[in-house]
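>>> Give me a 3D structure for the following:
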Amino acid sequence: MTVHFYFARKFLWIFLGIAMVFFVLTVLVDMMEQLRRYDVEAVGFDKVVGLTLLRTPESLYQLMPLIIILATIALFINLSRSSELVVVRAAGRSGIVSVLSPAGMALVIGLLSVSTLNPIVAATTVQYETQSDILRSGGRSALSLSQEGIWLRQGGEAGHAVIHAGSTNTDASVFLDITIVTYAQEDGPQQRIEADSARLVEGGWELANVRTWNLNAGLNEGAKPSSEATVTFPSSLTADRIRERFGTPSSISIWKLPKFISELNESGFSARRHQVWLQMELAQPLFLMAMVLVASAFTMRHTRFGNTGIAVLTSVLIGFSLHFIRNFAQILGENGQIPVLLAAWAPPTASVLLALGLLLHMEDG
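Purely as a prediction, here's the structure:
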């Protein structure tokens with residue numbers, strides 16, 4: 001157990017060091033992107049730094065498999081150069097047993113990243129999108145789902161509007177039982193609009209069977225409404241932008257995702273993307289463990305055998321290939337070509353089996 005704890009602790013410190021390097025690089029690269037996108041004199045340098053820090057957790061989360069591979073390579077090359085692996089094997093411990101501690105640590109890191117880092121990434125992603133919308137357009141659009149239906153908020157220089165719909169179709173282009181309350185800039189409600197249905201068209205909402213109440217000072221909401229067959233309500237929202245508001249599963253915490261999937265289904269939206277994402281997040285620790293096994297299969301040998309660079313390159317390329325296959329399976333699952341569970345769990349399981357086969361071949365021939 002002492003050797004296992006030693007290898008696990010060493011792997012953890014190497015992982016944290018590489019993660020810190022990637023954090024610094026990600027901040028620098030993303031800051032250059034934010035400086036190119038926004039006028040520093042207009043928005044302020046502190047806003048640019050804030051946006052950069054909000055986006056960094058998502059980038060690091062996506063780089064987690066690469067960090068695990070590099071940490072495993074660094075660990076076993078270090079152990080080989082110091083002849084610690086030779087001593088461990090001479091003591092009667094096989095190389096495969098030596099892999100258990102870093103693989104177990106990768107599994108723990110995966111569980112912590114899914115349970116802890118995932119909610120942080122979701123929160124920072126939403127905050128980044130909100131701040132970006134404010135800086136780009138001066139307004140803010142938002143969407144939320146609840147048991148009472150769908151809530152939308154659109155903003156602009158003239159004011160904002162709160163929109164409620166009972167349900168919608170799968171592509172978010174037609175909304176039923178819709179209510180719109182408009183607000184003036186820094187003022188109270190101005191109008192209440194109810195319609196049987198609303199269709200998103202270029203430049204706004206096309207409302208059908210419309211009733212309108214004037215809510216200006218001196219009038220009450222119970223006054224007789226004006227009725228019209230069709231009305232076009234101006235809006236910068238589009239079906240794509242609405243789907244983006246809840247169509248990015250990474251912006252929702254894994255702890256809230258099951259309830260959100262249920263609300264999507266009740267509202268008439270397709271929740272397949274979110275179902276695939278949920279299962280892939282649950283399978284993430286297994287995939288990270290597979291990355292450790294793949295990298296160790298090519299680096300658990302003494303450096304005197306040579307070709308260390310080729311072994312490192314091969315392990316990285318295989319890791320990238322497995323990651324590409326996993327993303328490809330995700331796309332197939334989201335499009336309905338393969339079942340959700342197969343898309344999420346087949347690539348990590350196959351990666352572990354492939355890595356074990358390579359490890360057994362390299363160690364025992």
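>>> and Val114, which of the three is it?
helix (DSSP: H, G, I helix; E, B strand; the rest coil).
>>> same deal with Thr179?
Going by three-state DSSP: Thr179 is strand.
>>> With adjacent residues omitted, what lies nearest to Val48?
Gln34 (4.7 Å; C-beta to C-beta, 6 or more residues apart in numbering). From N, CA and C alone the C-beta is placed, and that goes for glycine too.
>>> For that neighbour, which three-state class applies?
helix.
>>> Quick check: it vs Glu41, distance?
Distance of Gln34 to Glu41, given as C-beta to C-beta, to the nearest Å: 14 Å.
>>> These two - which one has more neighbours?
Using other C-beta atoms under 10 Å as the criterion, Gln34 and Glu41 rank with Gln34 on top: 21 against 7.
>>> Touching, the more buried one and Thr52? I think so.
Yes. The pair Gln34 and Thr52 passes the contact test of C-beta atoms under 8 Å, sitting 5.4 Å apart.
>>> can you map out the strands along the stretch 51-200 of the chain?
142-146, 149-155, 159-168, 174-184, 189-201 (DSSP state E, counting those that start in this stretch).
>>> Present those as JSON lines; the columns should include mean neighbour count and mean pLDDT.
Converted to JSON lines, the strands of the stretch 51-200 of the chain look like this (neighbours: other C-beta atoms under 10 Å; pLDDT from 0 to 100):
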{"stretch": "strand 142-146", "mean neighbour count": "15", "mean pLDDT": "55"}
{"stretch": "strand 149-155", "mean neighbour count": "20", "mean pLDDT": "72"}
{"stretch": "strand 159-168", "mean neighbour count": "18", "mean pLDDT": "77"}
{"stretch": "strand 174-184", "mean neighbour count": "19", "mean pLDDT": "82"}
{"stretch": "strand 189-201", "mean neighbour count": "18", "mean pLDDT": "83"}
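>>> Can you tell me which of these is nearest to Phe260?
Smallest distance to Phe260 across the strands of the stretch 51-200 of the chain (C-beta to C-beta): 6.8 Å, for strand 142-146.
>>> Point out where the stretch 251-365 of the chain drops to low pLDDT.
Applying pLDDT under 70 to the stretch 251-365 of the chain picks out residues 264, 266-269, 301-306, 363-365.
>>> Helices of that one, residue ranges please.
Counting by DSSP state H, counting those that start in this stretch, the segments of the stretch 251-365 of the chain that form helices are 257-267, 272-282, 284-299, 308-334, 340-364.
>>> Gln131: which of the ones you listed is closest?
helix 257-267 (22.2 Å).
>>> so what secondary structure elements neighbour the closest one?
strand 142-146, helix 272-282 (3 or more C-beta pairs under 8 Å, 6 or more residues apart in numbering; DSSP states H and E).
>>> Compute the inter-axis angle for it and strand 159-168.
Between helix 257-267 and strand 159-168, the angle comes out at 80 degrees (axes from the mean of the first three to the mean of the last three C-alpha atoms, to 10 degrees).
>>> Run through the residues that contact Thr349.
Leu286 (C-beta atoms under 8 Å, 6 or more residues apart in numbering).
>>> Send me stretch 16-35 as CSV with only the CA atoms.
Taking C-alpha atoms only, stretch 16-35 is exported to CSV below (Å, rounded to 0.1, in the frame of the first residue of the first chain):
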residue,chain,number,x,y,z
LEU,A,16,-1.8,19.6,-10.6
GLY,A,17,1.4,21.0,-12.1
ILE,A,18,0.3,20.3,-15.7
ALA,A,19,-3.2,21.6,-15.0
MET,A,20,-1.7,24.9,-13.7
VAL,A,21,0.4,25.2,-16.8
PHE,A,22,-2.6,24.8,-19.0
PHE,A,23,-4.6,27.2,-16.8
VAL,A,24,-2.0,29.9,-17.4
LEU,A,25,-1.8,29.2,-21.2
THR,A,26,-5.6,29.1,-21.5
VAL,A,27,-5.9,32.5,-19.7
LEU,A,28,-3.3,34.1,-21.9
VAL,A,29,-4.8,32.7,-25.2
ASP,A,30,-8.4,33.5,-24.2
MET,A,31,-7.4,37.0,-23.1
MET,A,32,-6.0,37.7,-26.5
GLU,A,33,-9.3,36.6,-28.0
GLN,A,34,-11.3,38.8,-25.7
LEU,A,35,-9.1,41.8,-26.4
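>>> quick one on the thing from earlier: of the strands of the stretch 51-200 of the chain, which is nearest Lys47?
Closest among the strands of the stretch 51-200 of the chain, using C-beta to C-beta: strand 149-155, at 18.3 Å.
>>> can you give me the angle the closest one makes with strand 159-168?
Using the same axes, to 10 degrees: strand 149-155 against strand 159-168 is 160 degrees.
>>> Summarise which helices and strands strand 149-155 is packed against.
Counting by 3+ C-beta pairs under 8 Å, 6+ apart, strand 149-155 packs on strand 142-146, strand 159-168.
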